[in-house]
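Participant: okay, here's the prediction I keep looking at, along with the sequence it came from:
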Amino acid sequence: MEKEQIIEGIKDLLDTEADLNEGTVLDDIEEWDSLASISVLAFFKQKMGLKIEAQALKDCKTVGDILKLAGK
């Protein structure tokens, strides 16, 4: 899965109209909360077969940090 597809997947999960890119700060996204992070973990597991640790995601500050977890 390409970076753009992952970003679109995150955008869909958050149900946001915000323009997301690698530099987007997660705390600046109104819809980013604990439920959103759980959804992102499930997205990685279901769509990419990746098991990401919750703490690793919690340590992410930007969308780019999430992409790094996916190896992108």
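Facilitator: Good, I have the coordinates.

Participant: got the buried residues for stretch 4-21?
Facilitator: Residues of stretch 4-21 classed as buried: 6, 7, 9, 10, 11, 13, 14, 20 (neighbour count, 16 or more other Cβ atoms under 10 Å). For glycine as for every other residue, the C-beta is placed from the backbone atoms N, C-alpha and C.

Participant: can you put the residues you listed in JSON lines and add distance to residue 30?
Facilitator: Shown next, in JSON lines, are those (distance: Cβ to Cβ, whole Å):
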{"residue": "6", "distance to residue 30": "20"}
{"residue": "7", "distance to residue 30": "17"}
{"residue": "9", "distance to residue 30": "18"}
{"residue": "10", "distance to residue 30": "14"}
{"residue": "11", "distance to residue 30": "13"}
{"residue": "13", "distance to residue 30": "14"}
{"residue": "14", "distance to residue 30": "9"}
{"residue": "20", "distance to residue 30": "12"}
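
Participant: which of those fall in helices?
Facilitator: Within the buried residues of stretch 4-21, residues falling in helices by DSSP state H are 6, 7, 9, 10, 11, 13, 14.

Participant: of those, which is the nearest to residue 64?
Facilitator: residue 7 (9.6 Å; Cβ to Cβ).

Participant: distance check, the closest residue to the closest one other than its chain neighbours against residue 55.
Facilitator: In space, and not counting its chain neighbours, residue 7 is closest to residue 20: 5.2 Å by Cβ to Cβ, 6 or more residues apart in numbering. Counting by Cβ to Cβ, to the nearest Å, the gap from residue 20 to residue 55 is 22 Å.

Participant: quick one, helices of this structure?
Facilitator: Using DSSP H, helices in the chain cover 3-14, 34-43, 54-58, 63-69.

Participant: who wins for proximity to residue 24 among those?
Facilitator: Checking the helices of the chain against residue 24 by Cβ to Cβ gives helix 63-69 as the closest, at 4.5 Å.
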